[in-house]
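1. Sharing a model prediction with you, sequence too.
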Amino acid sequence: MKKIISSLLLLTALQVSAQKLVFDVFSYTAPAGWTKEEKKDVFVSFTTINKQKGNWCRVALYKSTAGQGNPQADLQAEWQLLVEKIFQQQQSPQLADSSEVSGWKTYLAFGIFPYENQSTQVLLRTYSAPGRCASLLVNTNDLPGFETAIGEFMASVEISPDLPVSSPAQKEPAHTKPPVQPAGKSAEPIATAFQFNKTDFDDGWTSVVKEDWVEVTKGNIRVLLHYPRAEEKEYISQQDAETRKFWNLLVAPRYSHLRNYEMLNYNTSFEPAHFAGGLLKDNRTGQDVWVTLFSKAKSGWIEIITPDKQTFVNAFGINNPDNFFTEWEPLQKLSGYNRFAVGEKDLPGKWSSDFTGATSLYNVYTGVYAGSNIYSSSQRFEFLPGYKYNWALSAASSTSGAGTHFANAKGSGTYKHIGLSLIHI
């Protein structure tokens with residue numbers, strides 16, 4: 001890693017001559033053929049994916065915001081916001097280089113984070129000037145493979161010596177990943193290593209893969225299916241305390257001016273539900289919205305955003321639920337929209353399916369226990385290049401007094417891809 005970064009530092013010393021584009025305090029040359037995404041108040045990014053090799057790279061420039069007062073503090077703050085918050089893991093930045101460019105003090109830091117069963121290499125260059133800070137971020141799962149492209153992009157980046165002027169009353173834009181879209185405007189999905197990252201369902205809902213959630217929209221309702229977080233592994237004995245914790249983690253950072261807040265302190269239904277809602281101001285749009293946060297069993301944390309509370313009540317039929325409320329199905333079914341088609345190139349790899357079932361028997365006349373039946377199976381598919389596959393099935397069944405029976409089967413052959421199937425990501 002350090003050897004590659006040293007090579008990148010040599011590349012960044014080169015002068016790249018090409019047509020320059022401008023974003024905030026930066027001028028740069030766009031990587032040829034990469035997919036561009038721009039949010040004018042937050043960032044501009046470029047992404048490329050090689051589906052055959054399964055590697056990808058994203059480079060981004062983040063708009064300058066108010067700084068922390070010194071370059072080292074700026075590096076730490078940007079690392080926490082743009083790296084640790086996204087990967088949900090604390091890791092100190094490894095400093096690789098420092099210099100001064102056009103009156104800005106710069107630091108280059110790197111780290112390696114686990115992401116989707118792979119290692120993601122991260123490079124963060126922060127630019128600090130009195131009262132101001134800006135950042136360049138690189139994420140990739142193959143730093144050696146994209147070394148030249150990354151080096152050329154970093155070499156093309158120049159920063160203006162003139163600091164932007166902001167009115168003291170003007171709120172600084174959120175320095176995060178792609179911002180939330182207004183209700184009813186479904187943003188394009190982010191690029192992933194899979195063929196499909198958008199689903200249009202027959203009932204009118206549309207799902208797209210975003211960086212921090214799966215975003216589901218229908219009319220003026222927007223639903224965020226938040227990805228699992230490390231904090232969910234923590235044991236919290238009080239139901240209301242857990243609801244407040246995840247409200248503060250998932251909802252509060254993107255909104256302000258909370259009014260009419262309501263929360264279900266305790267729910268006696270099977271697998272108790274977490275439920276909270278309130279009227280908030282969306283920090284990105286400045287508009288008031290009603291936000292509901294919900295979780296039950298394996299649904300994950302679901303955030304529902306509607307123009308007002310009545311729109312939520314009309315859509316889902318839930319209004320001020322009490323401790324004994326049980327009709328959560330309209331909200332639980334939202335987790336089912338986290339499904340996307342499996343493309344032909346997505347199949348290669350190992351797939352599995354496991355099942356376990358048990359039945360206890362009792363005499364219908366006497367109520368006396370009459371034994372039990374237990375069944376368990378495990379099925380494995382391995383799809384190989386050239387449309388070949390291997391298959392294996394292991395099963396076990398047991399009946400009281402009759403012992404346990406085992407069975408195994410396996411096979412191999414070729415397959416055809418004749419359609420699309422939806423799977424949960």
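-> Cool, the structure landed. Numbering: from 1, shown residues only.

2. The longest strand seen in the chain: which residues count as buried?
-> Longest strand in the chain, counting residues (DSSP state E): strand 369-384. Of all the residues in strand 369-384, those buried under the rule 16 or more other C-beta atoms under 10 Å are 381, 383. For every residue, glycine as well, the C-beta is placed using N, CA and C.

3. repeat for stretch 276-288
-> Neighbour-count burial for stretch 276-288 [16+ other C-beta under 10 Å]: 276-280, 282-284.

4. what's the average pLDDT for the longest strand of the chain?
-> What strand 369-384 shows for mean pLDDT is 86.

5. Columns secondary structure and pLDDT on top of the buried residues of stretch 276-288, output as a markdown table?
-> Formatted as a markdown table, the buried residues of stretch 276-288 follow (DSSP: H, G, I helix; E, B strand; the rest coil; pLDDT from 0 to 100):
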| residue | secondary structure | pLDDT |
| --- | --- | --- |
| A276 | strand | 95 |
| G277 | strand | 95 |
| G278 | strand | 94 |
| L279 | strand | 94 |
| L280 | strand | 93 |
| D282 | strand | 91 |
| N283 | coil | 87 |
| R284 | coil | 84 |
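
6. Which of those sits closest to S378?
-> A276 (39.3 Å; C-beta to C-beta).

7. Excluding chain neighbours, what is closest to the closest one?
-> Counting by C-beta to C-beta, 6 or more residues apart in numbering, A276 lies nearest to M263, which is 4.1 Å off, once chain neighbours are set aside.

8. Near the one you found, how many other residues are there?
-> Using other C-beta atoms under 10 Å, M263 is surrounded by 15 other residues.

9. With N265 instead?
-> By other C-beta under 10 Å, 12 other residues sit near N265.

10. That one: helix or strand, and which one exactly?
-> Of the helices and strands defined by DSSP states H and E, none includes N265.

11. ok, now Q121?
-> Counting by DSSP H and E, the element that carries Q121 is strand 118-129.

12. now S360
-> Short version, using DSSP H and E: S360 is in strand 349-362.

13. Tell me which strands that strand pairs with, and in which orientation.
-> Pairing partners of strand 349-362, with direction, according to DSSP bridges: strand 369-384 (antiparallel).

14. Which SSE is immediately downstream of the strand it pairs with?
-> Counting by DSSP H and E, the next helix or strand C-terminal to strand 369-384 is strand 388-399.

15. I'd like the next helix or strand past that following strand.
-> Later in the chain than strand 388-399, the nearest helix or strand by DSSP H and E is strand 403-414.

16. elements contacting that following strand?
-> For strand 403-414, the contact count by 3 or more C-beta pairs under 8 Å, 6 or more residues apart in numbering; DSSP states H and E identifies strand 388-399 as packing neighbours.

17. Tell me the buried residues in the strand it packs on?
-> For strand 388-399, by 16+ other C-beta under 10 Å, it's 389, 391, 397-398.

18. Redo those residues as TSV? Include distance to F324.
-> TSV is the format used below for those (distance: C-beta to C-beta, whole Å):
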residue	distance to F324
Y389	50
W391	48
S397	40
S398	39
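
19. if we can go back for a sec, tell me the contacts of the residue nearest to A276?
-> Shown in contact with M263 (C-beta atoms under 8 Å, 6 or more residues apart in numbering): 240, 243-244, 247, 275-277.

20. Let's see that with 7 Å instead.
-> By C-beta atoms under 7 Å, 6 or more residues apart in numbering, the contact list for M263 reads 240, 243, 276.

21. Show the backbone phi and psi for it.
-> phi -150, psi 140 (degrees, to the nearest 10).

22. got the contact list for the longest strand of the chain?
-> Here strand 369-384 makes contact (C-beta under 7 Å, 6+ apart) with 347-363, 389-401.

23. thought V208 was touching R222?
-> No. Taking C-beta atoms under 7 Å as the definition, V208 is not a contact partner of R222, at 10.8 Å.

24. Overlap of the contact sets of those two?
-> Both V208 and R222 are contacted by E215, under the criterion C-beta under 7 Å, 6+ apart.

25. picking that back up, for the contacts of M263, could you give me a markdown table that also reports distance to E303?
-> Shown next, in a markdown table, are the contacts of M263 (distance: C-beta to C-beta, whole Å):
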| residue | distance to E303 |
| --- | --- |
| D240 | 18 |
| T243 | 13 |
| A276 | 10 |
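
26. from those residues, which is closest to G54?
-> T243 (38.7 Å).

27. And the average pLDDT for the helix or strand harbouring the closest one is what?
-> T243 is part of helix 239-246 when elements are defined by DSSP H and E. The average pLDDT for helix 239-246 rounds to 91.

28. Tell me how far that helix lies from the chain's centre.
-> 21 Å (C-alpha atoms, centre = their mean, to the nearest Å).

29. Please apply the same query to stretch 348-360.
-> Distance of stretch 348-360 from its chain centroid, counting by C-alpha atoms, centre = their mean, is 27 Å.

30. quick one: contacts of that stretch?
-> Under C-beta under 7 Å, 6+ apart, the answer for stretch 348-360 is 372-385.

31. how about stretch 208-218: buried residues?
-> Buried, per 16+ other C-beta under 10 Å, within stretch 208-218: 208-210, 212-218.

32. Check stretch 329-348 too.
-> Along stretch 329-348, these residues count as buried under the neighbour rule (16+ other C-beta under 10 Å): 331-332, 334-335, 337-338, 340-342, 346-347.

33. Would you reformat those as TSV and include pLDDT and secondary structure?
-> Below are the buried residues of stretch 329-348 laid out as TSV (pLDDT from 0 to 100; DSSP: H, G, I helix; E, B strand; the rest coil):
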residue	pLDDT	secondary structure
L331	96	helix
Q332	95	helix
L334	97	helix
S335	94	helix
Y337	95	helix
N338	92	coil
F340	86	strand
A341	83	strand
V342	79	coil
D346	79	helix
L347	81	coil
